[in-house]
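Asks: below is the structure, and that's it, no one-letter string:
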């Protein structure tokens with residue numbers, strides 16, 4: 001690589017459970033010789049995403065450099081966490097040909113893009129593009145489809161009521177900063193619903209942004225990488241609900257991690273997880289577990305009451321077969337009850 005050539009960086013953003021990690025795993029497995037480095041921003045007590053990505057199962061994945069930031073939202077800790085992590089990646093020999101940054105589901109991408117305008121970063125890196133991953137099924141179910149005109153009428157009728165949903169603001173900010181929007185889980189919704197979502201997004205985003213349907217995050221790297229957006233030079237075209245703020249509040253959310261014993265019946269366990277998620281208003285569950293009699297580790301991903309499982313890699317020789325889950329929910333998450341439910345009769 002020419003030492004005077006800026007290294008492109010792709011920011012992958014998206015709400016909880018949209019499929020960011022799945023998309024990046026597919027990207028790693030199809031890197032086609034690119035030297036990819038990863039920067040992962042966790043929301044949780046244990047490094048679930050890093051362990052999932054390390055278990056990609058493709059020979060090329062294990063060679064990738066992965067740096068995990070588990071100390072808080074990357075957009076709130078740019079100076080403390082992001083810059084030192086970037087320095088570590090730029091010290092690699094050979095240098096990565098592309099850096100992929102996965103934000104947490106609660107991150108606002110715009111402050112992160114602004115950080116690329118800092119002199120120390122601008123001289124070495126450029127934001128090739130911001131990819132927003134959208135959970136098509138969740139949007140089709142109306143989770144982030146409020147009518148702005150209706151909200152305006154409600155505010156006029158009762159100005160004492162705060163109608164803004166902070167989750168919707170995060171979701172919209174991610175779309176407003178995007179250069180490409182991946183409508184993931186498109187196989188779970190109809191073509192008519194896809195068109196309706198595309199119209200909703202087009203109405204919310206003031207500039208032309210391509211929306212790409214996808215299933216299980218399977219998008220050709222040739223589409224994801226090489227957008228040449230130079231987003232750090234295009235900040236003004238990326239409005240945000242939080243413009244002018246120096247921080248944003250995550251106090252509405254909390255997470256908890258739980259160790260999981262050996263699972264006897266994987267399908268029954270997923271049904272139990274779905275019941276727990278719905279009973280305790282859980283936003284997101286992700287993790288892995290050992291299934292009795294299976295040589296491979298089982299990966300679990302859940303959004304609301306919808307869960308998926310897969311076996312991502314064999315357990316390694318001498319590795320402790322310890323399962324773990326991260327549960328993310330609204331403030332006031334009943335961790336004691338969830339721990340009790342997780343310990344009831346599955347191991």
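Replies: Cool, got the structure. Note that the structure is a prediction, hence the values are computed from the model and not measured.

Asks: which residues in the stretch 51-200 of the chain form strands?
Replies: 65-69, 98-102, 125-135, 180-184 (DSSP state E, counting those that start in this stretch).

Asks: need those strands in JSON lines (columns: distance to residue 303, mean neighbour count and mean pLDDT).
Replies: The C-beta positions use only the backbone N, C-alpha and C, and glycine is treated the same way. Formatted as JSON lines, these follow (distance: least, CB to CB, whole Å; neighbours: other CB atoms under 10 Å; pLDDT from 0 to 100):
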{"stretch": "strand 65-69", "distance to residue 303": "22", "mean neighbour count": "19", "mean pLDDT": "68"}
{"stretch": "strand 98-102", "distance to residue 303": "17", "mean neighbour count": "26", "mean pLDDT": "92"}
{"stretch": "strand 125-135", "distance to residue 303": "6", "mean neighbour count": "26", "mean pLDDT": "95"}
{"stretch": "strand 180-184", "distance to residue 303": "11", "mean neighbour count": "24", "mean pLDDT": "96"}
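
Asks: which ones are touching residue 212?
Replies: Listed by CB atoms under 8 Å, 6 or more residues apart in numbering, the contact set of residue 212 reads 180-183, 219, 223.

Asks: no wait, residue 284
Replies: If you count contacts by CB under 8 Å, 6+ apart, residue 284 has them with 16-17, 105, 302-303, 326-329.

Asks: ok, now how distant is residue 178 from residue 112?
Replies: Using CB to CB, to the nearest Å, residue 178 is found at 13 Å from residue 112.

Asks: so which of the contacts of residue 284 sit within strands?
Replies: Using DSSP state E, the subset of these located in strands is 302-303, 326-329.

Asks: out of those residues, which comes closest to residue 276?
Replies: Closest to residue 276 out of the ones in strands among the contacts of residue 284 is residue 327 (8.2 Å), distances taken as CB to CB.

Asks: tell me which of the contacts of residue 212 is nearest to residue 258?
Replies: Distances from residue 258 to the contacts of residue 212, taken by CB to CB, are shortest for residue 182, at 29.9 Å.

Asks: got JSON lines for the strands of the stretch 51-200 of the chain, with distance to residue 234 too?
Replies: Shown next, in JSON lines, are the strands of the stretch 51-200 of the chain (distance: least, CB to CB, whole Å):
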{"stretch": "strand 65-69", "distance to residue 234": "25"}
{"stretch": "strand 98-102", "distance to residue 234": "17"}
{"stretch": "strand 125-135", "distance to residue 234": "9"}
{"stretch": "strand 180-184", "distance to residue 234": "14"}
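
Asks: closest one to residue 336 among the ones you listed?
Replies: Per CB to CB, nearest to residue 336 of the strands of the stretch 51-200 of the chain: strand 65-69, 27.8 Å.

Asks: what sits against residue 39?
Replies: Residue 39 sits next to 67, 69, 82, 85-86, 89, 99-102 when contact means CB under 8 Å, 6+ apart.

Asks: let me have these in TSV, extended by distance to residue 296.
Replies: Below are the contacts of residue 39 laid out as TSV (distance: CB to CB, whole Å):
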residue	distance to residue 296
67	26
69	28
82	34
85	31
86	34
89	31
99	30
100	25
101	29
102	24
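
Asks: closest one of those to residue 201?
Replies: For these, the nearest to residue 201 is residue 102 (21.1 Å; CB to CB).

Asks: right, I'll leave it there.
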